[in-house]
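K.L.:
Starting from these lines, generate the structure:
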Amino acid sequence: MTKTAQQVQRVAEESFLDENFGQLDLSSFPHLQPPAKEEENERFAPLSNDRPMRLRKEINRMVNEYSNDPEIVGTLKAAGVENLAAPHKFYLSTGDEAVVFLGKDNVWRVTVFFDGRQQTIKCASATSRDDAMTGANKWLNSKRGPTFKELTEEQRLTVSRMCTQGQLESALMTYLLYKCGEVDHDFSTDPRYLPAIDEAAFFIFHNATPEFVDSQEFQDFLSNFRGDRPLSLPLLRACFSAWKQHEQKAERGLILEQIENRDNQADSEGPSYEELDALPDDELFSLRDATLKDRAKKVRGGILQ
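P.N.:
Numbering: from 1, shown residues only. Just a heads-up that it's a prediction; the model follows:
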């Protein structure tokens, strides 16, 4: 076959076997169609190769932005996906009821119901519903201050058991958790929590010190001893040591007073001057010797100085 004939044959074959099969209409045969080219969305193309969390946040933001679109709301509902932008009721750490929702300006807001009234808080920095709920908790706590609860008998017994087992630090934190609830900041430097910390410290000291007996006299002594200092376990222990020394001195003073009263009474019951003058010399000398011996005995015993 000549070169010319071979070239004609090749052209004919290529024209018949091209992608359109020689201009044949293949629209009714989808499986014979070439695969469609993938079109990338300019908005999400950069995110598809990024970390999943960024893509998820972007999708959430888009859903929130178009939360009022009936088609998007219906699609999400049919797929079982919660509409995060819709009003959602929850309870704050204080027990107050609140509702979080996304406004038309794409800014999260929280309506708080407390003290028989309501107030709506604008959470401009919140990027999600959870952020708005957390921000509302912080705002309400800063306005209302801490809320203290009385411990139940079961809670007091739990902390007391921890004290007897020597778990003083855990006991203190458990008592404060029962008393103050969950706190989102370090309240050890917050003066509003000082009454609760003082109460917890005294309870731990009381239950961890078997020989301690509380009384109004001790409370008065403690008030003078502490001054304006907050209560702590080291301070309470130092106060109790000083209180015991104070009690010992008071007890010794009472004993000496009783001895002096007894001596004075004994002296008053002795003979008068007139009676002494009337005594014979031998009885007078005997009385003198007895008096000197009794005084010497008291001096040796430390009663008289």
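
K.L.:
Now do the helices in the chain.
P.N.:
3-16, 45-48, 52-65, 70-78, 129-144, 153-164, 168-180, 194-208, 216-226, 233-268, 273-278, 281-300 (DSSP state H).

K.L.:
Flag whichever of those helices has the least confidence on average.
P.N.:
Among the helices of the chain, helix 45-48 has the lowest mean pLDDT, at a mean of 51.

K.L.:
Isn't Arg237 up against Phe205?
P.N.:
Yes. The pair Arg237 / Phe205 is scored as a contact, 7.1 Å apart, by CB atoms under 8 Å. C-beta: built from backbone N, CA, C; applies to glycine.

K.L.:
The two: who's more crowded?
P.N.:
Neighbour count, other CB atoms under 10 Å: between Arg237 and Phe205, Phe205 has more, with 21 against 14.

K.L.:
Now that one: closest residue in space that isn't a chain neighbour?
P.N.:
In space, and not counting its chain neighbours, Phe205 is closest to Leu236: 4.2 Å by CB to CB, 6 or more residues apart in numbering.

K.L.:
tally of neighbours for the one you found?
P.N.:
Leu236 has 22 nearby residues by other CB under 10 Å.

K.L.:
now Leu140
P.N.:
By other CB under 10 Å, the residues close to Leu140 number 20.

K.L.:
what does Phe114 give?
P.N.:
Around Phe114 there are 16 residues (other CB under 10 Å).

K.L.:
ditto for the one 4 residues further on
P.N.:
When neighbours are counted by other CB under 10 Å, Gln118 registers 13.

K.L.:
ditto for the one 10 residues further on
P.N.:
A count of neighbours around Ser128, defined by other CB under 10 Å, yields 16.

K.L.:
For it, give its distance to Ser160.
P.N.:
43 Å (CB to CB, to the nearest Å).

K.L.:
same thing with Asn207?
P.N.:
Distance from Asn207 to Ser160, by CB to CB: 5 Å.

K.L.:
Excluding chain neighbours, give the residue nearest to Lys89 in space.
P.N.:
Nearest to Lys89 is Val99, by CB to CB, 6+ apart, at 5.3 Å.

K.L.:
ok, what's across the strand from the one you found?
P.N.:
Beta-bridge pairing of Val99 under DSSP bridges involves Lys89, Thr111.
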